[in-house]
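> with the input below, show me the fold.
(2 chains)
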Amino acid sequence: MAGKAPAGTSRLRAATRENIAGWLFVAPVVMILGLFLLLPILMALWVSLTDWNGQGSPFRAGVPFVGVDNYTRLFTEEGLARQDFMTSIRNNVYYVLIVVPSQTVLALGLALVVNSRLLKGRTFFRSAFFFPSITSSVAISVVFLFIFANSGAVTSLLNLFGLDGPQWFADSRGVVHLLLGALGVVDPSSPPAALTDGGPFGLSWWEWLSGPSVAMTTIIMLVVWTSSGTFMLMFLAALQDIPVTLEEASMLDGAGRWQRFRYVTLPMLKPTMFLVVTLGLIATWQVFDQVYVMSQGNPAKTTLTPAYLSYQTAFRSFDYGSGTAISFVLFSIIVVFALIQRWVMRDRNGGAGSRRLRRS
Amino acid sequence: MKRTVRVAALGAAACAALLSSAACGSGFDDNGAQPAQQSGGPAKLQILIGSSGDAETAAVKQAADAWAKKSGSTATVTPAQDLAQQLGQAFAGSNPPDVFYVDASRFADYASVGALEPYGDKISNSTDFYESLRTTFTYDGKFYCAPKDFSTLALVVNQDLWSKAGLGDGDVPTTWDQLTAVSRKLKAKGVTPLVFGDTRDRVGAFMVQAGGWITSPDGKTATADSPENLTALQYVQSLLKDKLAQFPKQLDAGWGGEAFGKGKAAMTIEGNWIKGALKADFPDVKYSVHELPAGPKGKGTLSFTNCWGISAKSKYKQQAVDFVEAMTTVDQQMAFARAFGVMPSRQSAKDAYTKEFPDDAPFVNGADYAQGPVNAPKMDSVLADFDTGIQQLASSSPKTLLERVQKNTQAALGD
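As a prediction, this is how the structure comes out:
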């Protein structure tokens, strides 16, 4: 019966049909994503605009709607909520600043090592480096608790060399503060008034500039160690994807080892680098399980992170509105960082230069 | 072709139904109405306990079974992994257990949001509970729930280290000055004199001894920034600065009892739970228990307690009250005391208890002058912040800390 219809209608109908078929095919995924991703996010967004206390449904009448109060409390109102939040942001900024570059560099280094044809037992090293990544982060955290205990392996090792190690998990002193003190720039026990008197968002400049605490550095070491294995695997895959001909060509052109790495290997790794840094940024901003297992934000809130603070605010203090507001701020921070990083790593030559090489 | 359209429409309808049912499904169905009450007859009680260990779980299960048999109901006792979190989720899902432990420090949070049934005075002879415990579980003038049992802090002394330092029974300090003096003697012998936890749950005892506390007795006004509290914190600071007292973490221990058990300190300030812990982990340590040294305003200690909370949403409130009644009789409380070392919350059980456990007299006596946890909602983050300040007390200004706690408490209480 379709055959007798005018040509135009038939084409239109064909398009409609394709549309419907297309929607049908994606319907299961759309439904699953909507149900388990979009809907909970929207529900959380609603909760972040209310003062819901965790009793009954947040969607019934009578739940106090407070607008953006939960958000302004985090940024503009003087008080404990802002102080805790800004402290957690500070901690996490230092954490990201250290973890992302070090894990990327370490992962790339490891990948180069296990990719080199000269190394014997490559498979062994590959699995050895990858092993921490597939181990449960909780198990590793507990092991690190033992290693860094005051009578643990690290302290004993330092003692062997006549060094007096810090009390790792009890030490809330900032590394930058310690460094400045050691260099004799400022005295950490009586910082200059210029730094302590004021600062943005309720923390003094002195507090902002503390650097990660000694306790936080243990978590940093743990995360760099565990996550570099995964990223090594990504770099390794990309390295093996680089055609040998390219390397040979550059050798014929008289490029040395370093030049080959700098002008051939690194540009070819750019997409992977983008992936690794993006994944690293997201994971580091969301750090939770290590904090939950190892320190619960202690000592002196120096390992408090927004993700953990959000959990604590919601499930410990029954302030679900504030808790979800924190998680939405965290979400936007991650989006902004991803965008910035995309812009920084954009292809400045207008595109396909390096990619064309690989395809040819 | 028509069929395809129909199938698509059907699919879309199913999808919409699924989405909407998820949005307002049974889990969130709540119109604030009181659940239908089943006033008499057999009930199915769900009981969630924050158990201290297998001994407690077994004892409560046994008691619950006995009650169930007698009343013809069923009572399912579940030990929680993380009571605060599980209760929080249960309340949010409108499906809380009928009866559950409520920690005194969380009580005001629960009561203020209407999660608890104020049944306290329906329990027979409810004035028999210690007055300090009744106050702990009173919110807005209503006595909400029956205290399960309680603990207080006392001074625990390691006998071996004590005599090694040439000290005798008469040297056990009863005042702050004596505590300082005896600590100096121990320090001179190379022993860490005192260890206590770095939170308000230990340091707060000094505040009570100095006559201060974080909030007023009715929990409505902030009283953190007071000269009494300042005296207390300055005293604690002097102990910490001279290394007469150390926090457990500095001695590589998780809590005071562990540091004490390992023999890393001669004294600790802990509650009666330390007995069980020492017996289990450090059976060879010889120790004695004494009341805490008195401060400028006399004796003071802190009490910790749980109550038997009954959910405001329970279908079997009457049976639940009956259950709690059975759990808080003198006999049952004594049975619990024997099973897992807690102290009965009824004054009428005091004599029987001290007769059976004479060594615990210092703990029980503490009930007369004990201060319960801060009894006000929304104080959790404020107190956590105070704890953070206490961790750094050795190197910071007590006055600044108290001003900060005062400001935060005022904001939380809205006064």
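> residue ranges with poor pLDDT in the chain?
The chain I'm using is chain A. In the predicted model, chain A carries pLDDT under 70 at residues A:1-12, A:348-360.
> you answered for a different chain; I wanted chain B.
Ranges of chain B meeting pLDDT under 70: B:1-40, B:415.
> and the strands in it?
Assigned by DSSP state E, the strands in chain B fall at B:44-49, B:74-79, B:99-103, B:138-139, B:142-143, B:146-158, B:194-195, B:245-246, B:267-271, B:287-290, B:301-310, B:343-344, B:370-371.
> elements contacting the last one?
On a contact count with 3 or more CB pairs under 8 Å, 6 or more residues apart in numbering or on different chains; DSSP states H and E, strand B:370-371 meets helix B:200-209, strand B:301-310. All C-beta spots, glycine's among them, are computed from the backbone N, C-alpha and C.
> B:Leu116 contacts B:Ile310, doesn't it?
Yes - counting by CB atoms under 8 Å, B:Leu116 touches B:Ile310, with 6.9 Å between them.
> quick one, which of the two is more surrounded?
B:Ile310 (32 against 24; other CB atoms under 10 Å in any protein chain shown).
> contacts only, for that one.
For B:Ile310, the contact set (CB atoms under 8 Å, 6 or more residues apart in numbering or on different chains) comprises B:98-99, B:116-117, B:119, B:145, B:317, B:320-321, B:324.
> so what's B:Asp198 closest to, chain neighbours aside?
B:Phe247 (4.1 Å; CB to CB, 6 or more residues apart in numbering or on different chains).
> I figured the one you found hits B:Thr199, correct?
No - using CB under 8 Å, B:Phe247 is not in contact with B:Thr199; the gap is 9.4 Å.
> so these two - more neighbours on which side?
Remark: of B:Phe247 and B:Thr199, B:Phe247 carries more neighbours, 24 against 16, as counted by other CB under 10 Å.
> tell me, how many neighbours does residue 249 end up with?
In the absence of a named chain, chain A is used. 13.
> wait, I meant chain B there
By other CB under 10 Å, the residues close to B:Lys249 number 22.
> interface residues of the stretch 51-200 of chain A facing chain B?
A:53-60, A:62, A:79-81, A:83-84, A:149-151, A:167, A:169-170, A:172, A:189 (CB under 8 Å from any CB of the partner chain).
> swap the cut-off to 6 Å and go again
With CB under 6 Å from any CB of the partner chain as the criterion, the stretch 51-200 of chain A meets chain B at residues A:53-57, A:60, A:79-80, A:150-151, A:170.
> identify the farthest-apart pair in those.
Within those, two members stand farthest from each other by CB to CB: A:Arg60 and A:Ser151, at 54.1 Å.
> need the contact list for the nearest residue to B:Gln392 once chain neighbours are set aside.
Spatially, and ignoring its direct neighbours in sequence, B:Gln392 is nearest to A:Ala300 (5.6 Å; CB to CB, 6+ apart). The neighbours of A:Ala300, taking CB atoms under 6 Å, 6 or more residues apart in numbering or on different chains as the test, are A:172, B:388, B:391-392.
> among these, which are in helices?
Secondary structure from DSSP state H places B:388, B:391 of the contacts of A:Ala300 in helices.
> of the contacts of A:Ala300, just the buried ones, ChimeraX syntax please.
Buried residues among the contacts of A:Ala300 (16 or more other CB atoms under 10 Å in any protein chain shown), as a ChimeraX selection:
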select /A:172 /B:388,391
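> which members of the contacts of A:Ala300 are the farthest-apart pair?
Top of the distance list for the contacts of A:Ala300 (CB to CB): A:Ser172 and B:Thr388, 8.5 Å.
> how's the chain carved up into domains?
With no chain named, the answer covers chain A. Following automatic domain parsing, one finds the domains of chain A at A:2-70, A:78-174+A:211-347+A:354-359.
> try chain B instead
With automatic domain parsing as the reference, chain B has domains B:44-150+B:304-371, B:152-303+B:375-413.
> could you tell me the end-to-end distance of the first one?
Using CA to CA, to the nearest Å, the end-to-end distance of domain B:44-150+B:304-371 comes to 36 Å.
> stretch B:318-336 now?
Stretch B:318-336 has an end-to-end distance of 23 Å (criterion: CA to CA).
> now do stretch A:248-267
16 Å.
> next: stretch B:155-167.
Taking CA to CA, stretch B:155-167 runs 16 Å from one end to the other.
> contacts for that stretch, please.
Stretch B:155-167 has contacts (CB under 6 Å, 6+ apart) with B:186, B:189, B:191, B:266-268, B:270, B:274, B:286-290, B:292.
> filter these to the buried ones?
B:186, B:191, B:266-268, B:270, B:274, B:287, B:289-290, B:292.
> contacts with chain A among these, please.
Checking the buried ones among the contacts of stretch B:155-167 against chain A (CB under 6 Å from any CB), there are no matches.
> closest one to A:Arg73 out of the residues you listed, please.
Out of those, the member with the shortest distance to A:Arg73 (by CB to CB) is B:Glu270, at 37.5 Å.
> you'd agree that closest one is up against B:Gly257?
Yes - contact criterion CB atoms under 6 Å: B:Glu270 and B:Gly257 qualify, at 5.2 Å.
> near chain B, which residues of the stretch 251-360 of chain A are found?
A:299-301, A:315-318.
> neighbours around B:Val157, how many?
Around B:Val157 there are 22 residues (other CB under 10 Å).
> quick check: closest non-adjacent residue to residue 312.
Answering for chain A, as no chain was given. Distances taken as CB to CB, 6+ apart put A:Gly297 closest to A:Gln312, at 7.1 Å, once the chain neighbours are dropped.
> look at chain B instead
B:Glu117 (4.8 Å).
> same question, B:Lys243
B:Lys187 (6.8 Å).
> of all of the stretch 201-350 of chain A, which residue lies closest to chain B?
Closest contact between the stretch 201-350 of chain A and chain B, by CB to the nearest CB, is at A:Ser317 (4.5 Å).
> so that residue is in contact with B:Leu383, correct?
No - between A:Ser317 and B:Leu383 there is no contact under CB under 6 Å: 10.3 Å.
> list the contacts of the closest residue to chain A within the stretch 101-250 of chain B.
Going by CB to the nearest CB, chain A is nearest to B:Lys249 of the stretch 101-250 of chain B, at 3.9 Å. Applying CB under 6 Å, 6+ apart to B:Lys249 gives the contacts A:Ala170.
> so how far is A:Ala237 from it?
Separation of B:Lys249 from A:Ala237 (CB to CB, to the nearest Å) stands at 44 Å.
> cool, thanks, talk later.
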